[in-house]
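structure for the following, please:
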Amino acid sequence: MGGFVNPTFTEKHVIPDKPEKVQLARAYVALSNSHHLELVFGMFTEKAVYQSINVGEFSGIDEIKGMMKDFFARFPDVYWDSRAFECRENGTVCFDFELTATNIQTGERIRRSGSEEIIFNETGYISRLVVT
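Purely as a prediction, here's the structure:
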């Protein structure tokens, strides 16, 4: 798993608690907003699944990397204003966002709202991410 080192769970196999999972989700959004893709990729398991009503479903880190590289190239100023992070009883972190971006090919400015659910595995890596 490339450049991301989970600071909370290095060497130990500790199951992250709810506040730690929320911190990890916030870190994912911050890295995405900073466009640090290699660090974002390192937050996913090798067999992660990324599902989005806007871009489709991708299985495995290689498919996720390809989708994200294409997406960030098409929308080089993309930013997610994320809020209301919460960790549900089952350990899934949920939050709402408003995305703003400009399509580099058309010049069209987009703005859309949505929700995201992130499921972390027992060592704090993303195993499933769902955008609605």
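
just want the most central residue of the protein.
Central residue of the chain (Cα atoms, centre = their mean): residue 28, 5.1 Å from the mean position.

give the helix, strand or coil label for that one.
Of the three states, residue 28 takes helix according to DSSP: H, G, I helix; E, B strand; the rest coil.

contacts only, for it.
Contacts for residue 28 (Cβ atoms under 8 Å, 6 or more residues apart in numbering) come out as 40, 43, 118, 126. Backbone N, C-alpha and C define where each C-beta goes, glycine included.

go again using 6 Å as the cut-off
With contacts defined as Cβ atoms under 6 Å, 6 or more residues apart in numbering, the neighbours of residue 28 are residue 43.

what does residue 75 give?
residue 101.

for residue 20, see how far away it is.
Distance from residue 75 to residue 20, counting by Cβ to Cβ, to the nearest Å: 30 Å.

where exactly do the helices run in the protein?
18-33, 37-41, 61-74 (DSSP state H).

okay, now the unreliable bits of the protein?
Scanning the chain for pLDDT under 70 picks out 1-15.

which residues in it form strands?
Here the chain has its strands, by DSSP state E, at 44-52, 56-59, 79-87, 93-102, 109-120, 126-131.

closest one to residue 70 among these?
strand 56-59 (10.8 Å; Cβ to Cβ).

what is the closest one packed up against?
Under the contact definition 3 or more Cβ pairs under 6 Å, 6 or more residues apart in numbering; DSSP states H and E, strand 56-59 sits against strand 44-52.

just to revisit the earlier point, between the strands of the chain, which gets nearest to residue 34?
Of all the strands of the chain, strand 79-87 comes closest under Cβ to Cβ, at 9.8 Å.

okay, now the closest residue to residue 76 other than its chain neighbours: neighbour count?
Ranked by Cβ to Cβ, 6 or more residues apart in numbering and with sequence neighbours excluded, the top spatial neighbour of residue 76 is residue 104, at 5.7 Å. Number of residues near residue 104 (other Cβ atoms under 10 Å) recorded here: 12.
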